[in-house]
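K.L.:
one predicted model, sequence on top.
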Amino acid sequence: MDGKVKKQKQHQQKHSGPKAEKKKLKKQNGSTEEDERKRNPKAFAVQSAVRMAKTFHRAQDIKTKKHHVPVVDRTPLEPPPIVIVVVGPPKVGKSTLIRCLIKNFTRQKLTDICGPVTIVSGKKRRLTFMECNNDINSMIDLAKVADLVLMLIDASFGFEMETFEFLNICQVHGFPRIMGVLTHLDAFKNNKTLRKTKKNLKHRFWTEVYQGAKLFYLSGMVYGEYQNQEVKNLGRFISVMKFRPLVWQTSHPYILADRIEDLTDPERLRTDPKCDRTVSLYGYLRGTHLKNKGQVHIPGVGDFQMSDVNFLPDPCPLPGTQKKRALNEKERLLYAPMAGVGGVVYDKDAVYIDLPANHVKQLQEEVRPTTELVQSLIETHVTLDAKMAASKVSLFSGSAGLDPTDISEQSGVQEGLREIHVWDAHTQTQRRKVVFTGLEEEEDDVSGSSSDEDDDGSDQENQEEEDDLSTFLKEVRDKSEKATKGSTPPVKKRKLEEMQGEEEVIAEAPAFADSEDELERGEADSEGEGEAERAGDSGHCSKESEEDSDDEEDGDEDDESMEEEIGADDSDEEEEQGTFKWKEGLQQKASAAFLRHQEAAPNLRKLVYGSVVEAEDSEEEEEELGGLFRVNRPQKSKKVQADALDCSHFNPDISHNWELEEMLNSIRDCFVTGQWEEGQDAATLLKEDEELYGDFEDLETGKVHKGTTGEQDQAEVKMDDEEVQKNKRLEKKRRLKERFDTEYDDGDATYFDDLKEEMQKQAELNRAEFEDMDDESRVQYEGFRPGMYVRLEISSLPCEFVTNFDPHYPVIIGGLGTSEGNVGYLQMRLKKHRWYERILKTRDPLILSLGWRRFQTIPLYHIEDHNGRHRLLKYTPQHMHCGASIWGPITPQGTGFLAVQSVSGVKANFRIAATGVVLDLDKSVTIVKKLKLIGYPYKIFQNTCFIKGMFNTVLEVAKFEGASIRTVSGVRGQIKKALSTPPGAFRATFEDRLLMSDIVFLRSWYPVSIPQLYNPVTSLLLPVGQKDSWSGMRTVGQLKHDLGVRNKPSIDSLYKPITRAPRHFNPLHIPKELQKALPFKSKPKLLQPKGKVPRDLKRASVIREPHERKVAELLRALSTVHHYKKKVAQRAHHAKHKEFLQQKEKDEEAKMKRMKDARKKLYRIMGQKDQKKQRSSLKGTPQDD
């Protein structure tokens, strides 16, 4: 490589040719897509109907996913400030971020972030910042009231457990808008590692919040603050963010208290310091309307009744309604009473101006009030008489400065007043005594003089001082003519150098301006020759007086001269020497000044209000005459040039001669009698007034005056009426056409749009209902509406709330519904959190956050069986929901809750134990516990046996008659009747015969009562520094651990060596009938061993003779033949009987047929007779048969 880099040829756009012409046409005509569709329709035809349907469905799905269920907009016209909670683990930069955001919005610095800080961020939006400390109580409380959460994450460390805990708290109590902020990114030195870390943290944050959640990056710090551009971007996002209303917040009124006052009687406090306090709490009302005398809950304190509610003037109001692009300095309000900022504080019957000491310039940061007058008063450390005594008077530039001692020396009269310090033994203080010297009426009394004598002495002294001053001025005037004008005195030079040095140190002095225009002018002037000087009566300090006050703070002994107040302080001015040239050409100067006055734009403010105080810009070098007078050149000031006419093209001649008729005619229409517009001259208007009020009667004289109307006027009125009627008809047609279009045209309106329109109409109706009513009357009807700044008075608050108050912990006043103040049984669905390492045990106390409250209770866990029975569980299931029943405050159904085991301290593991939702508010669910009763048989019959040991009395057996019982081996049975002896024994029947070794048990269900424990968490009553150490009831395990108790195990629960004795079973007995029915394969083959042969069987066998054998054979043959003949005869008899039955059946059938025919014949004859009788009855004459 030679090091030469080949330069790429730059692309040049064509300005002529077919392509360029085509592009020009495209720009002029817009899109040519329609032309292409017409030219080649096949190219735009549907290629695949299935693909087009899929594309359409996908587009509709994406569109529908963006829809939210529309709700009625109940936000007031002046909404309350948006609550922004800054959350994160310790040392992650929460306070720094709040300070930077406050500085970005209000241009003010706040050293200590205590309590809520409310600022005006725009024309229609206010923000309340609240820092959430690392206490789970604060995290739970602030998650319920937050509109926006800024979640700070230390990128150099990664996610910490507090972040995930707060996210889970938010998921339960209604998810507010959450924005992540990554800090400590400057700890990464490698860009690749930084990018990888950002990506990992972003995707994990998206998993917890939602895909695409906003994550900001604060890359580093400059002088202890985040970079301005990054903070500004974050502030812009906050300023334009929209918020979704949360169910709990929109259905309950609540207040985030930003100011607390103790109203308890001091005498009562003196006699009983531990008495209950009466406290007034101040804050913006949010949520829904608040009724007076209602019930409220303060999380961390308890439930209370409001004794009084009032609304106060807004301490941090929105700016005016006039159109403008930005806020001026006066409208950049900051209100934080707990942090010592806020200026004017309104109470029910008083207004307080708060001027704490931390508004004065401090060593590191300068925090000043918003008005220069108050600032100059605060910075004054020397009294006015001391300043006058130390000041020097210089009447002309170049003359030496004179102090009062020179005057007294030249006049030969000593000082009139002298001060001595006297120690007062009675009050133990040093008092300043005034001693009058050089007067005839001098008194030597040490204890002091009367007021009359003081007045006389001061009058005489004033007269002498006036004489001295007159003689002194004559002498000085003679000297000043000879004196030459030089530069400023050396003291003045030294002071200016110090001021220039201090300007670099004080980087950010507060900008004070009465309006935005003055602020802009001040900025423009500062680009030129420094800041503008203000007149002495404007109520603001000048730049020089500010620096003088700074010099006084630093302890400098420089004196303030009269020359400084007049304003002649430029060292580079051109000053005349010797005679004054200002007397030359006075006539020409006067005429030029008159012309300048004519050309200058009129100061409307001066014309309306008289004298107006304006800041004069000293851009150019100003001529000074004699060191006393200054030449005023208004045409050169930027202010006049900005307000003047545009004279860049021609110089208008505005010198008017008012004697000419044309000049008079030109302004004639500017007066009341002139013609302002066409048809609006004075004569016409007077005529119309006559027509309108023409006919009237003088009540004193009784004379009736008639108005004169002509035919021409009537014709004009008629024409106007026709025009009005025509417009009405056109408007009616237009409305009918719109209605027709909406009904029959296939527009883009959907059900969702209709629903939104309906909600919008409802919101407008709600807004217009009480719109014209004043606040006092409106409050009586609808209560205190959201957005008002209210004052709540609550009596009987615990004294610890006031004495142990810590502004770093939020004080929330949550309004309760009609039934939410009661305590009762709650049925809930609960699931152990997947990140909590231990399962929860029934009857272990648990701290729940439900609604506004945090309280400790004892839950019973249960699960519903298939038959509807709610069975008690000893522990919560591992990965499954279960039911929970508690005794607690009545809360609406569907309200989410979370549970923690302990709120004290910070544990290494995840603290959220369980989450769930309220299902029911009554005791309809009966929780039952399984109970096994065991008994033993003591008499056994076939399938019946007597059992003892299960019950103790006959009455208990009677209760369980008919209950099903079972043996361990699985034989089922039923309880029949109680036995007289022994007590508790009963007779039972079973499916099979029992053995004496069987154990019989009865499975029953026992109802369990829910423990009634409701213990509110009163963390705000603890001393400062110990508010995160609240501990309530301990679990059984914790008690045993703390007390060192070890349970002795039950003997039955211990493992023992198993010894099994051999069992002998009875032989198998199969009945003979059953054996016969069994197949050969299943018949028992093993013959029983023969026992002893009886004696009769042991006798000898008998052997027959041959004759006996023949006889026996013959008898056997005869019996065989007889049996055979009998069997043949039997068969023949059966056959004959069968034939007989068949013949009998045939005869029966024939008989039935004959009888049927005979019946038919009989019925026919009877029917004919009936018809004959009927006919004869119709004819009316009886006929003989």
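P.N.:
The structure has been received and is ready for your questions. Numbering: from 1, shown residues only.
K.L.:
what's the weakest-modelled helix or strand in the chain?
P.N.:
When the helices and strands of the chain are scored by mean pLDDT, DSSP states H and E, helix 562-566 comes last with a mean of 39.
K.L.:
distance of I890 from A914?
P.N.:
Distance, I890 to A914, by C-beta to C-beta, to the nearest Å: 21 Å. (Each C-beta comes from the backbone N, C-alpha and C, glycine too.)
K.L.:
what's the answer for E1139, then?
P.N.:
93 Å.
K.L.:
same question, W835
P.N.:
Look at W835 and A914: by C-beta to C-beta, they are 11 Å apart.
K.L.:
and V181, by the same measure?
P.N.:
30 Å.
K.L.:
picking up where we left off before, which one's more surrounded, E1139 and A914?
P.N.:
Shown here are E1139 and A914; by other C-beta atoms under 10 Å, A914 has more neighbours (24 against 9).
K.L.:
which helix is the longest one in the chain?
P.N.:
Assignment by DSSP state H gives helix 1106-1179 as the longest helix of the chain.
K.L.:
so which bits of stretch 757-773 are buried?
P.N.:
Within stretch 757-773, not a single residue qualifies as buried, counting by 16 or more other C-beta atoms under 10 Å.
K.L.:
pLDDT of the longest helix of the chain, averaged?
P.N.:
Computed over helix 1106-1179, the mean pLDDT rounds to 94.
K.L.:
and what of stretch 12-20?
P.N.:
Rounded mean pLDDT across stretch 12-20 is 82.
K.L.:
okay, now that stretch: how far is its last residue from its first?
P.N.:
With C-alpha to C-alpha, to the nearest Å as the measure, stretch 12-20 spans 12 Å from end to end.
K.L.:
now stretch 873-886
P.N.:
14 Å.
K.L.:
same check on stretch 872-883?
P.N.:
One end of stretch 872-883 to the other measures 9 Å (C-alpha to C-alpha).
K.L.:
oh, and call the first residue 27 from now on, that's how I've got it
P.N.:
Okay, residue one is now 27; in that scheme the one you just asked about reads as stretch 898-909.
K.L.:
can you list contacts of that stretch?
P.N.:
For stretch 898-909, the external contacting residues (C-beta atoms under 8 Å, 6 or more residues apart in numbering) are 853-858, 860, 865-868, 886-890, 896, 940, 942, 945, 951, 953-956, 1034.
K.L.:
so which bits of that stretch are buried?
P.N.:
Under the neighbour-count criterion of 16+ other C-beta under 10 Å, stretch 898-909 has 898-899, 902, 908-909 buried.
K.L.:
among these, which one lies nearest to F1016?
P.N.:
Closest approach between these and F1016, by C-beta to C-beta: L898, at 30.1 Å.
K.L.:
so what's the residue count around the nearest residue to that closest one once chain neighbours are set aside?
P.N.:
Closest residue to L898 apart from its sequence neighbours, by C-beta to C-beta, 6 or more residues apart in numbering: K955 at 4.6 Å. Applying other C-beta under 10 Å, we find 16 residues neighbouring K955.
K.L.:
give me the helices and strands touching the helix or strand where K955 lies, please.
P.N.:
Using DSSP states H and E, K955 sits in strand 953-966. With contacts taken as 3 or more C-beta pairs under 8 Å, 6 or more residues apart in numbering; DSSP states H and E, strand 953-966 sits against strand 896-898, strand 970-974, strand 1026-1033.
K.L.:
just to revisit the earlier point, check the buried residues of stretch 898-909 and tell me the two furthest apart.
P.N.:
The span of the buried residues of stretch 898-909, defined through C-beta to C-beta, is set by L898 and T902 at 12.0 Å.
K.L.:
what helix or strand is D832 located in?
P.N.:
With DSSP H and E as criterion, D832 is part of no helix or strand.
K.L.:
which residues of the stretch 177-326 of the chain fall in strands?
P.N.:
All strands of the stretch 177-326 of the chain, identified by DSSP state E, counting those that start in this stretch, fall at 203-209, 241-243, 247-248, 251-252, 280-282, 285-288, 303-312, 321-324.
K.L.:
any idea which of those strands is most buried?
P.N.:
strand 280-282 (a mean of 26; mean count of other C-beta atoms under 10 Å).
K.L.:
what is it packed up against?
P.N.:
Packing partners of strand 280-282 (3+ C-beta pairs under 8 Å, 6+ apart): helix 162-171, strand 303-312, strand 838-841.
K.L.:
select, out of those, the one closest to K1082.
P.N.:
Closest among those, using C-beta to C-beta: helix 162-171, at 47.6 Å.
K.L.:
what is the burial count for F185?
P.N.:
16.
K.L.:
that one and L178 touch, don't they?
P.N.:
No. Using C-beta atoms under 8 Å, F185 makes no contact with L178, being 11.3 Å away.
K.L.:
what do these two both touch?
P.N.:
Counting by C-beta under 8 Å, 6+ apart, F185 and L178 have no contacts in common.
K.L.:
give me every residue that touches Q275.
P.N.:
Going by C-beta under 8 Å, 6+ apart, Q275 touches 170-171, 200, 312-313.
K.L.:
for these, which one is nearest A1184?
P.N.:
G200 (97.3 Å).
K.L.:
need phi/psi at the closest one.
P.N.:
phi 100, psi 120 (degrees, to the nearest 10).
K.L.:
show the pLDDT at it.
P.N.:
89.
K.L.:
run a quick neighbour tally on it.
P.N.:
So G200, with other C-beta under 10 Å, has 18 neighbours.
K.L.:
got phi/psi on the residue lying closest to it once chain neighbours are set aside?
P.N.:
Nearest residue to G200, sequence neighbours excluded (C-beta to C-beta, 6+ apart): L272, at 3.7 Å. Dihedral angles of L272 (phi, psi; degrees, to the nearest 10) stand at phi -90, psi 150.
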